[in-house]
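K.L.:
Sequence first, predicted model second:
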Amino acid sequence: MTIGFDGIRTVDGDSPLSFYDRIVIASLGREYPKDTFMIYSPIGPSDSSISSLLSIANVHNKTPYKALNKWRWRNRSGIFVDFHRHGVKVFHGLDAILPTGTCHDDVKMVITLRDLSFKRMMTDYSWLEKLFRNSRIKQACHKAERVIATSQYIKDQAVKRYGIGADKVDVIHTAYRNEYITTEYDQDYLANVRSKYHLPRNFILAISDFSPLANMETLYRAFASIDNKDIYLVVIGRRNDNYRRLKRLAQQLNIADRVVRVPFVSRHSFMAFYALSKAFIEPALQDGVGQCLVEAMITGTPVIASDDGCHREMGGDAALYFAPGDDHELTRHINSVLGNDTVSQRMAVAGKQQALQFSQQALAQATMLSYNRARGKVAE
């Protein structure tokens, strides 16, 4: 069977959304070598990190065959011509968007919903952008044969907001990368990463885009109150206008000299950051995927997360949770992990066990089952 994907985010950039696309397609390619997976994008790959994805024998990137306007090709019925040429049976809109028009080759449509926060965040989207995207997603939800939600949290939102039946939505969680359990964390490897990125000896870790939903203000205030003043906070994220505001907050809290921002981390070094840190903190609001929680847990890093979005769904009893705006509760949790080796070790063991259920094999099998449901090959 040939499966097509909307690859606009897959081939361009290195955002969390791009990573999610790649891990879905890679897991399917490896688990189902007899099937073919086509990534359709208006432009060719511009990021070297997709090279490993395209090295999988049955995964291919396809740009427009004949199209005067490549963006119109992606969003309108022009892409259906290529579906016919390649024998596509299922098209997966990973960005929750489907081409308009009707495909006469009876291609079944599936979409993934992973982030609906734009509905509330006026600061990140203009009203026109919100209106347009909301309309396209609602249309796609009703047009698709199946809707994949990355968590029960997202499923509940989708059913409520878009009026689709709950039985149409499959909850399929993300997965950790296989190298997170096959790579040995030898001291030379960890020392090289520490030296390369100038990491402090003892630190807690956070990953953020510094948007309002990242909730970094709560983390900064909690970090300022922890007992151990020799610990650092390392934050992975690119600088933007909101980061500059957070930097001023750090100065007011007298923690600016203990906050280290790392703008970019290579894919091969990422897991070392988890392994080197004393704890991973996820303060974000309305997170619908929980990717960072899974990655931190599988490396044996204690996780503390806001009790919002899908965090409790992903972390289970292995993580500690705090009310989204309660920096005092977050401070207590950080003190508990940093000040008690028994607590830290127990969370590390429990986290690994919790994360094992989020394997690439499980992701691929659940996604293929959803495709077969869309084709009517599996009973509801």
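P.N.:
That came in fine, so what should we check first?

K.L.:
Over to residue 206. Which of the three states is it?
P.N.:
Assigned with DSSP: H, G, I helix; E, B strand; the rest coil, residue 206 falls in the strand class.

K.L.:
That one contacts residue 232, correct?
P.N.:
No - look at residue 206 against residue 232 with Cβ atoms under 8 Å: they stay out of range, at 11.3 Å. C-beta coordinates here come from the backbone N, C-alpha and C atoms, glycine included.

K.L.:
Who has more neighbours out of the two?
P.N.:
Per other Cβ atoms under 10 Å, whichever of residue 206 and residue 232 has more neighbours is residue 206, with 25 against 19.

K.L.:
which residues sit in contact with that one?
P.N.:
216, 219, 233, 234, 235, 236, 280, 281, 282, 283 (Cβ atoms under 8 Å, 6 or more residues apart in numbering).

K.L.:
PyMOL command for the buried members of the residues you listed?
P.N.:
This is the PyMOL syntax for the buried subset of the contacts of residue 206, where burial follows 16 or more other Cβ atoms under 10 Å:
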select buried, resi 216+219+233+234+235+236+280+281+282+283
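
K.L.:
measure residue 200 to residue 276 for me?
P.N.:
Distance, residue 200 to residue 276, by Cβ to Cβ, to the nearest Å: 10 Å.

K.L.:
Compare these two and say which one has the larger neighbour count.
P.N.:
residue 276 (22 against 14).

K.L.:
pLDDT score assigned to residue 277?
P.N.:
Per-residue pLDDT puts residue 277 at 96.

K.L.:
How much space separates it from residue 247?
P.N.:
21 Å.

K.L.:
Quick check: the gap between the residue nearest to residue 306 when sequence neighbours are not counted and residue 372.
P.N.:
For residue 306, ignoring the flanking residues on the chain, the nearest one in space by Cβ to Cβ, 6 or more residues apart in numbering is residue 324 at 4.6 Å. Distance, residue 324 to residue 372, by Cβ to Cβ: 38 Å.

K.L.:
These two: which is more packed in?
P.N.:
For the pair residue 324 and residue 372, the greater number of neighbours falls to residue 324 (19 against 15), based on other Cβ under 10 Å.

K.L.:
Check the secondary structure at that one for me.
P.N.:
Using three-state DSSP, the structure places residue 324 in coil.

K.L.:
can you check the one 5 residues further on too?
P.N.:
The three-state label for residue 329, taken from three-state DSSP, comes out as helix.

K.L.:
can I get the CA coordinates of the strand or helix carrying residue 181 in PDB?
P.N.:
Under the criterion of DSSP states H and E, residue 181 resides in helix 179-182. Coordinates of each C-alpha in helix 179-182 appear next as PDB, following Å, rounded to 0.1, in the frame of the first residue of the first chain:
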ATOM      1  CA  GLU A 179      18.700   5.600  19.900                       C
ATOM      2  CA  TYR A 180      17.600   6.800  23.300                       C
ATOM      3  CA  ILE A 181      17.600   3.200  24.600                       C
ATOM      4  CA  THR A 182      20.400   1.800  22.400                       C
END
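
K.L.:
which helices and strands does it pack with?
P.N.:
For helix 179-182, the packing partners by 3 or more Cβ pairs under 8 Å, 6 or more residues apart in numbering; DSSP states H and E come out as helix 291-298.

K.L.:
Give me the distance from the helix it packs on to the chain's centre.
P.N.:
The chain centre lies 10 Å from the centre of helix 291-298; the measure is Cα atoms, centre = their mean, to the nearest Å.

K.L.:
List the buried residues for whatever helix or strand comes next after it?
P.N.:
Counting by DSSP H and E, the next helix or strand C-terminal to helix 291-298 is strand 303-306. Going by neighbour count (16+ other Cβ under 10 Å), the buried part of strand 303-306 is 303, 304, 305, 306.

K.L.:
Now the element after strand 303-306, going C-ward?
P.N.:
helix 311-315.

K.L.:
Run through who's touching stretch 228-241.
P.N.:
Residues external to stretch 228-241 that are found in contact with it (Cβ under 8 Å, 6+ apart): 199-200, 202-210, 216, 219-220, 223, 243, 255, 258-265, 273, 277-278, 335, 338-339.

K.L.:
Using CSV, list the CA coordinates for it.
P.N.:
Extracted C-alpha coordinates of stretch 228-241, given in CSV (Å, rounded to 0.1, in the frame of the first residue of the first chain):
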residue,chain,number,x,y,z
ASN,A,228,20.5,24.8,46.2
LYS,A,229,21.9,28.1,44.9
ASP,A,230,24.8,26.2,43.2
ILE,A,231,22.5,24.6,40.6
TYR,A,232,22.0,26.2,37.2
LEU,A,233,19.0,26.3,34.9
VAL,A,234,19.8,25.4,31.3
VAL,A,235,17.1,26.4,28.7
ILE,A,236,17.2,25.2,25.1
GLY,A,237,15.5,27.7,22.9
ARG,A,238,15.9,30.4,20.3
ARG,A,239,15.8,34.0,21.5
ASN,A,240,12.7,36.1,20.6
ASP,A,241,10.9,39.2,22.0
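
K.L.:
Make 416 the first number, not 1, from now on.
P.N.:
Renumbered: residue one is now 416, and that last one reads stretch 643-656.

K.L.:
Can you show me the helices along the stretch 566-715 of the chain?
P.N.:
567-577, 594-597, 602-611, 631-639, 656-667, 685-691, 706-713 (DSSP state H, counting those that start in this stretch).

K.L.:
of all those, which lies closest to residue 478?
P.N.:
Ranking the helices of the stretch 566-715 of the chain by proximity to residue 478 (Cβ to Cβ) places helix 706-713 first, at 27.6 Å.

K.L.:
so what does the closest one touch, helix or strand wise?
P.N.:
Helix 706-713 is packed against helix 431-446, helix 594-597, helix 685-691, strand 695-697, strand 718-721, helix 726-730, helix 756-770, with contacts defined by 3+ Cβ pairs under 8 Å, 6+ apart.
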